[in-house]
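K.L.:
Would you be able to build a 3D model of this:
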Amino acid sequence: MRHLSDEEIIQRARAAVKIELEKKKILGIPAVVFDRKTQLIYYENQDGTRITAGQRLWKGQYSERIKEKT
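P.N.:
Numbering: from 1, shown residues only. Sure thing, here's the model as predicted:
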């Protein structure tokens, strides 16, 4: 059995996400999309319109948030 490199796993994961988004678009199901630039979560409809669903609550890693509390 051949082991996959990290790069191959990332490529396959990105391809799977792309296929799933295209599938939802064809079926007319809104896809949930995270915009890294604005830190907002959107429902993206088949026609390309976006409806804001929320925003990211925390920034940074979990271990960094725990240190801030203590």
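
K.L.:
Near Leu21, how many other residues are there?
P.N.:
14 (other Cβ atoms under 10 Å). From N, CA and C alone the C-beta is placed, and that goes for glycine too.

K.L.:
what residue ranges in the protein score low on pLDDT?
P.N.:
For the chain, residues meeting the criterion pLDDT under 70 lie at 59-60, 65, 68-70.

K.L.:
just the strands in it please.
P.N.:
For the chain, strands defined by DSSP state E occupy the ranges 31-35, 40-44, 50-55.

K.L.:
and the first one, C-alpha only, in PDB?
P.N.:
Which is strand 31-35. These are the backbone C-alpha positions of strand 31-35, laid out as PDB (Å, rounded to 0.1, in the frame of the first residue of the first chain):
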ATOM      1  CA  ALA A  31     -23.300  26.100  -0.200                       C
ATOM      2  CA  VAL A  32     -21.800  27.400   3.000                       C
ATOM      3  CA  VAL A  33     -18.600  29.400   2.200                       C
ATOM      4  CA  PHE A  34     -16.000  31.000   4.600                       C
ATOM      5  CA  ASP A  35     -14.400  34.100   3.200                       C
END
